[in-house]
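1. 3D model of this:
(one chain, ligands or ions: 1)
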Amino acid sequence: MKPLFLSLLLVLAGSYYSLAQQAPKPVPIIFDTDIGPDYDDVGAIALLHALADSGEARILATIASNKYARVGAVLSVFNTWFKRPGLPIGVPKRKALDLPSWQKWDSVVTANYPHVISSNTEVPDAVALYRKLLAAEPDNSVTIVTVGFFTNLANLLQSAPDKYSPLSGRELVKKKVKQLVSMAGHFPAGKEFNVDRDIPSSKTVVTQWPGTIIFSGFEIGVEVLTGLPLIGNEAIRNSPVKDVFALSIPMSKQDKNGRMSWDETAVLVAIRGWEPYYTLRSGRFVINNDGSNSWDDAGTGHFYLVKKMPVAEVTALINQLIMHQPVQGKSRAK
Ligand SMILES: [Ca+2]
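-> Below is the predicted model:
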């Protein structure tokens, strides 16, 4: 019996070891969002928490690139609902856009759901938080996903050594950031909101970012219409994600088949990689003085997503992920 028991133990230990070997490490990620003017950011933060709950991501922070008065509280509503009330939040304290939701869903969710942050004064400046978090992470490890303006990343690149790190912002990014994924631009050429709203910051980032950038362009998310299964799902109750979509979809005729999923595609690719869903086109993002962009195929360091998986399949996947509900039990740190 003894040898048999021993071999069984060895087999079990072997399969545990191989499982442990195969399990991918969660992606450490910073989510940078303008959450307000559009509500695909709400789908994106739901998807972010869904992939953290599945062990695929480790959220380091949710940071706003927009400074309207409720933005810190709005981020806190979603982090609290997904049982991560202590997740760090940052807000730009210097010059930044101030764009609340035109559908007013920001005041609805902050009125109806618990949040541990009620004012932007309670959270640190976005750049200080970036520096603190990056300094504490291993080299070449952090993924940043931006689904709003480049305001914070431009300020980060231009930041000086501080109590968190003796490195300049650009040096710190070069050392710590593995990749930047951005919902930005329109390919091969066009004009897109996130780039156009803060042109100087967009220029700074696309010309000075020291590492790889993957862009999910306007043309990717515009075809992925999501949210109808969420708002029609009777089993989902008391959800700020559902409430935002249920309030906003009927307010615009163009959303009658669901909202365009620009920001969700960027978060999906930032965590799971592009390979199952898209191919990459290599080159260089070119930004023009009027905020429009084009693409230089001869350049290097930048990529944009090109459709591979049928739109219906990406749509079904995002629809499923944004219906994710909080995992019951105690609060999570990250
Ligand atoms: Ca956005």
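
2. Which residues of the chain lie near the ion?
-> 34, 41, 147, 148, 263 (C-beta under 5 Å from the ion). C-beta: built from backbone N, CA, C; applies to glycine.

3. Same list, those residues, but as a markdown table with secondary structure please.
-> Shown next, in a markdown table, are the residues of the chain next to the ion (DSSP: H, G, I helix; E, B strand; the rest coil):
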| residue | secondary structure |
| --- | --- |
| 34 | coil |
| 41 | helix |
| 147 | coil |
| 148 | coil |
| 263 | helix |
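
4. Tell me the one among the residues you listed nearest to residue 234.
-> Residue 234 lies nearest to residue 41 out of the residues of the chain next to the ion, by C-beta to C-beta, at 25.1 Å.

5. Give the residue spans of the stretch 1-150 of the chain that score low on pLDDT.
-> Low-confidence segments of the stretch 1-150 of the chain, defined by pLDDT under 70, are located at 1-23.

6. please redo it, this time with the cut-off set to 50
-> Low-confidence segments of the stretch 1-150 of the chain, defined by pLDDT under 50, are located at 1.

7. What ranges does it have for its helices?
-> 2-22, 40-53, 71-81, 105-112, 126-136 (DSSP state H, counting those that start in this stretch).

8. picking up where we left off before, would you turn the residues of the chain next to the ion into TSV with neighbour count?
-> Converted to TSV, the residues of the chain next to the ion look like this (neighbours: other C-beta atoms under 10 Å):
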residue	neighbour count
34	26
41	28
147	31
148	31
263	31
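
9. residues making contact with stretch 42-52?
-> Stretch 42-52 is contacted from outside by 26, 29, 31, 33, 35, 57-59, 62, 75, 78-79, 82, 84, 105, 147, 226-227, 240-241, 244-245, 259, 261, 263-264, 266-268, 271-272, 318, 321-324, 326, 332, 334, using C-beta atoms under 8 Å, 6 or more residues apart in numbering.

10. Just list what the longest strand that the chain contains packs against, helices and strands only.
-> For the chain, the longest strand by residue count, based on DSSP state E, is strand 278-287. If contacts are counted by 3 or more C-beta pairs under 8 Å, 6 or more residues apart in numbering; DSSP states H and E, strand 278-287 sits against helix 199-208, strand 213-216, strand 292-296, strand 302-307.

11. Please spell out the PyMOL selection for the buried subset of the contacts of stretch 42-52.
-> To isolate the buried members of these in PyMOL, using 16 or more other C-beta atoms under 10 Å:
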select buried, resi 26+29+31+33+35+57+58+59+62+75+78+79+82+84+105+147+226+227+240+241+244+245+259+261+263+264+266+267+268+271+272+318+321+322+323+324+326+332
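
12. Now intersect the contacts of stretch 42-52 with the strands, please.
-> Using DSSP E, the members of those that fall in strands are 29, 31, 33, 57, 58, 59, 62, 226, 259.

13. wait, isn't the fifth one in contact with residue 24?
-> So the one you mean is residue 58. No. Applying C-beta atoms under 8 Å, one finds residue 58 not in contact with residue 24, separated by 11.6 Å.

14. I'd like the helices and strands packed on strand 278-287 laid out as JSON lines, including mean neighbour count, mean pLDDT and distance to residue 251.
-> Formatted as JSON lines, the helices and strands packed on strand 278-287 follow (neighbours: other C-beta atoms under 10 Å; pLDDT from 0 to 100; distance: least, C-beta to C-beta, whole Å):
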{"stretch": "helix 199-208", "mean neighbour count": "19", "mean pLDDT": "98", "distance to residue 251": "28"}
{"stretch": "strand 213-216", "mean neighbour count": "25", "mean pLDDT": "98", "distance to residue 251": "25"}
{"stretch": "strand 292-296", "mean neighbour count": "18", "mean pLDDT": "98", "distance to residue 251": "28"}
{"stretch": "strand 302-307", "mean neighbour count": "20", "mean pLDDT": "98", "distance to residue 251": "29"}
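
15. Same list (the ones you listed) but as CSV, adding distance to residue 233.
-> Listed next are the helices and strands packed on strand 278-287 as CSV, based on distance: least, C-beta to C-beta, whole Å:
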stretch, distance to residue 233
helix 199-208, 37
strand 213-216, 26
strand 292-296, 37
strand 302-307, 27
